[in-house]
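K.L.:
No letters, just coordinates:
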């Protein structure tokens, strides 16, 4: 198990907040070896202790639970068990905050770019730590097409602005688009106190009515 499973199959649900909120916080890396079935459900998880630098029992246990809660994009053509690894990096944001504050104090005239002026730079570079795409898929019955979102996040990783990119969106059901847009505000990215005040990019989702209706029935979502 040497490859990153998330590079081969899109992650459509994950929640690492309990790992990051541990009382025994350590900084470093947790590597999970896991296997997902064709429906995207994780059926096996283990900690790769040789590659993990974090030793906190609490954090490792929370990561193990989080691993079983991952949901990957269904793929009926995948192997019966599609296995790979997921790497979770925990950074010392307190030290980064102090460094960022020092830089800001040294440049008090630093200006903040407004959201309207920020360019669309493709995918956001920071790691997504909460992606409740189930919120969208649960309402995707009979939807066939693509939605493209413009999204801006702040230094804490929270989505502060989201909109539909009409020219790259083929779905036209306004009610569904509005519900999907509301769900995007639940996304959460890795904090980065040294990042720009707002970091923007795009999220693209492809829907096929039958595929996701089958996925809903199999996962119970």
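P.N.:
Yep, that arrived. Since the model is a prediction, treat every value here as computed from it, not as a measurement. Numbering: from 1, shown residues only.
K.L.:
The residue most central in space within the chain and residue 10, how far apart?
P.N.:
Among the residues of the chain, residue 128 comes closest to the average C-alpha position under CA atoms, centre = their mean, at 3.0 Å. Distance of residue 128 to residue 10, computed by CB to CB, to the nearest Å: 11 Å. Placement of C-beta: from N, CA and C, glycine included.
K.L.:
And residue 44, by the same measure?
P.N.:
With CB to CB as the criterion, residue 44 and residue 10 are 19 Å apart.
K.L.:
The two: who's more crowded?
P.N.:
residue 10 (16 against 13; other CB atoms under 10 Å).
K.L.:
so what's that one closest to, chain neighbours aside?
P.N.:
residue 73 (4.2 Å; CB to CB, 6 or more residues apart in numbering).
K.L.:
Run a quick neighbour tally on that neighbour.
P.N.:
20.
K.L.:
quick one: pLDDT of it?
P.N.:
pLDDT, residue 73: 84.
K.L.:
could you measure it against residue 148, distance?
P.N.:
On the measure of CB to CB, residue 73 and residue 148 end up 17 Å apart.
K.L.:
helices and strands of this protein: which one bottoms out on pLDDT?
P.N.:
helix 93-106 (a mean of 41; mean pLDDT, DSSP states H and E).
K.L.:
Following element in sequence after that helix, please.
P.N.:
Using DSSP states H and E, the helix or strand that follows helix 93-106 in sequence is strand 128-130.
K.L.:
Contacts for that next one, please.
P.N.:
Strand 128-130 is touched from outside by 11, 14, 15, 16, 17, 20, 157, 186, 187, 188, 189, 190, with contacts defined as CB atoms under 8 Å, 6 or more residues apart in numbering.
K.L.:
what about the residue lying closest to the fourth one once chain neighbours are set aside, how many neighbours?
P.N.:
Looking back up the chat, that one is residue 16. The shortest distance from residue 16 to any non-neighbouring residue, by CB to CB, 6+ apart, is to residue 129 (4.5 Å). Using other CB under 10 Å, residue 129 has 19 neighbouring residues.
K.L.:
quick one: residue 129 from residue 44, how far?
P.N.:
22 Å.
K.L.:
cool, and residue 162?
P.N.:
35 Å.
K.L.:
ok, now residue 127?
P.N.:
From residue 127 to residue 44 the distance is 23 Å (CB to CB).
K.L.:
This protein: strands as residue ranges?
P.N.:
11-13, 28-36, 42-47, 71-72, 82-90, 128-130, 145-153, 159-164, 188-189, 199-207 (DSSP state E).
K.L.:
which sections of this protein are below the confidence cut-off?
P.N.:
Scanning the chain for pLDDT under 70 picks out the ranges 1-3, 92-122, 132-133, 209-221.
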